[in-house]
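Asker: what's the 3D shape of this:
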Amino acid sequence: MNNKLVINFIPGKTTLHKMAGSTKVLLFVLFTIAIIATFDMRVLLPLMVVPFAAIVSMKPNYKPLIFLFAFMIVTVGIIGTVMLLVVSPDVGLTHVGSHTEILQVSDRLYVTSETLWYVLVTFTKRIASFATVIAFVLMTTPSEFASGLSFLRLPYKVCIIVSLAYRTIPDIARRFIDIRNSMQMRGVELNSKRTSLGKRLKYTGAMLVPLIISSFGKVETIANAMDLRGFGRLKKRTWYAEHELTRADRIARAFSAVFAAAILFYILYTKFLNPYPVTMWCPFVKLENITKVNVFDTLFFLKWFR
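Answerer: Below is the predicted model:
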């Protein structure tokens with residue numbers, strides 16, 4: 001179950017697995033901030049390569065990872081791009097500052113090279129974010145996650161809640177599979193090709209009721225157990241998952257200090273000292289040819305009311 005859900009409860013044997021939870025959370029937060037802070041493809045590509053390299057180095061079970069990435073590519077990459085082209089086909093003009101049509105279907109539905117560049121940049125940004133999350137989940141156990149959040153000075157009650165929620169995901173998935181198997185043993189066809197989509201949705205909704213009830217029962221049991229053990233009486237607590245820093249931790253924290261300084265400098269330079277005229281840099285658009293446009297002027301559905 002752990003491998004199927006990409007969640008580990010026992011640290012692995014690789015260098016990344018053996019690092020302290022505080023180091024892992026620190027790296028995750030810095031990479032997340034760096035990805036959020038930029039729309040520059042020249043910066044996003046290295047930020048995307050690093051988590052992929054981390055995933056490969058941990059030698060995980062690739063089957064669920066392939067499914068997760070394929071699902072994201074279909075939903076965010078294909079469906080999201082089609083919806084964007086329908087709702088706002090000239091979004092590239094707003095974020096890139098230029099307009100070069102390469103395909104025109106009608107007066108209000110067309111494709112520009114700048115819009116395709118915007119789609120590519122945003123897709124790269126989302127893939128980098130998703131890969132960072134997957135790499136963090138693969139290398140971090142729930143207890144290490146809680147200790148890492150405590151390292152960031154979050155209240156330990158919040159850390160425990162996050163850890164419990166993290167641990168509950170496999171249990172909920174296991175209960176859902178058990179309920180589904182029970183219904184199939186009673187003659188309910190869920191995976192048959194003869195079962196219509198409406199019936200599948202109906203049966204799935206029926207499975208959610210016992211799943212929610214059993215989950216609330218589990219929450220009550222955990223809450224009572226924590227109360228009996230005196231949880232919340234003291235202002236501080238220790239974490240058994242947090243261990244002494246290894247050589248890899250020291251190297252990673254030195255890198256984190258340099259990386260944090262670079263992120264701060266990048267934000268100050270690109271947002272205040274020398275801001276770019278538009279949202280993102282584009283290799284085939286020169287700086288002197290950039291045109292600033294209001295974002296509401298490129299929304300396709302607003303043109304219906306004109």
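Asker: State the phi and psi torsions of Leu68.
Answerer: phi -60, psi -50 (degrees, to the nearest 10).
Asker: Quick one: the strands in the stretch 51-200 of the chain, in order.
Answerer: 101-106, 109-112 (DSSP state E, counting those that start in this stretch).
Asker: closest one to Pro275 among the ones you listed?
Answerer: strand 109-112 (23.8 Å; Cβ to Cβ). Just so you know, the C-beta spots here come from the backbone N, C-alpha and C atoms, and that holds for glycine as well.
Asker: Output the contacting helices and strands for that closest one.
Answerer: helix 80-87, strand 101-106 (3 or more Cβ pairs under 8 Å, 6 or more residues apart in numbering; DSSP states H and E).
Asker: Just the buried residues of that strand, please?
Answerer: 110-112 (16 or more other Cβ atoms under 10 Å).
Asker: again, but for stretch 239-253
Answerer: Judged by neighbour count (16+ other Cβ under 10 Å), stretch 239-253 contains these buried residues: 239, 241-242, 249, 252-253.
Asker: Same check on stretch 267-286?
Answerer: 270, 278, 280-282, 285.
Asker: Format these as CSV; extra columns: distance to Arg175.
Answerer: Below are those laid out as CSV (distance: Cβ to Cβ, whole Å):
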residue, distance to Arg175
Thr270, 47
Val278, 49
Met280, 44
Trp281, 48
Cys282, 49
Val285, 53
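Asker: Can I get those in JSON lines including pLDDT and distance to Ser22?
Answerer: Supplementary listing: the buried residues of stretch 267-286 in JSON lines, determined by pLDDT from 0 to 100; distance: Cβ to Cβ, whole Å:
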{"residue": "Thr270", "pLDDT": "92", "distance to Ser22": "29"}
{"residue": "Val278", "pLDDT": "89", "distance to Ser22": "38"}
{"residue": "Met280", "pLDDT": "91", "distance to Ser22": "34"}
{"residue": "Trp281", "pLDDT": "92", "distance to Ser22": "35"}
{"residue": "Cys282", "pLDDT": "93", "distance to Ser22": "39"}
{"residue": "Val285", "pLDDT": "90", "distance to Ser22": "43"}
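Asker: List phi and psi for Arg237.
Answerer: Torsion angles, degrees, to the nearest 10, at Arg237: phi -150, psi 160.
Asker: is it true that it touches Lys157?
Answerer: No. At 9.4 Å, Arg237 does not count as touching Lys157 under the criterion of Cβ atoms under 8 Å.
Asker: Give me the more crowded residue out of these two.
Answerer: Arg237 (14 against 11; other Cβ atoms under 10 Å).
Asker: of the buried residues of stretch 267-286, closest to Glu101?
Answerer: Nearest to Glu101 among the buried residues of stretch 267-286, with distances taken as Cβ to Cβ, is Val285, at 14.3 Å.
Asker: got a list of what the closest one touches?
Answerer: Residues near Val285 by Cβ atoms under 8 Å, 6 or more residues apart in numbering: 96-98, 114.
Asker: Inside helices: which ones of the residues you listed?
Answerer: 96, 114 (DSSP state H).
Asker: Restricted to buried residues, select the contacts of Val285 in ChimeraX.
Answerer: In ChimeraX, this line selects whichever of the contacts of Val285 come out buried by 16+ other Cβ under 10 Å:
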select :96,97,98,114
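Asker: Turn the contacts of Val285 into JSON lines, including distance to Ala54 and pLDDT.
Answerer: Putting those into JSON lines (distance: Cβ to Cβ, whole Å; pLDDT from 0 to 100) gives the following:
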{"residue": "Val96", "distance to Ala54": "31", "pLDDT": "92"}
{"residue": "Gly97", "distance to Ala54": "35", "pLDDT": "90"}
{"residue": "Ser98", "distance to Ala54": "36", "pLDDT": "90"}
{"residue": "Glu114", "distance to Ala54": "33", "pLDDT": "92"}
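Asker: Going by neighbour count, which residues of stretch 150-169 are buried?
Answerer: So, applying 16+ other Cβ under 10 Å, buried residues of stretch 150-169: 150-151, 156, 159-160, 162-163, 166-167.
Asker: so where is the stretch 51-200 of the chain shaky, pLDDT-wise?
Answerer: 190-195 (pLDDT under 70).
Asker: which stretches of it form helices?
Answerer: Using DSSP state H, counting those that start in this stretch, the helices of the stretch 51-200 of the chain run over 62-72, 80-87, 91-96, 113-139, 142-151, 156-185, 197-228.
Asker: got a markdown table for those helices, with distance to His17 too?
Answerer: Below are the helices of the stretch 51-200 of the chain laid out as a markdown table (distance: least, Cβ to Cβ, whole Å):
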| stretch | distance to His17 |
| --- | --- |
| helix 62-72 | 16 |
| helix 80-87 | 33 |
| helix 91-96 | 39 |
| helix 113-139 | 6 |
| helix 142-151 | 9 |
| helix 156-185 | 16 |
| helix 197-228 | 27 |
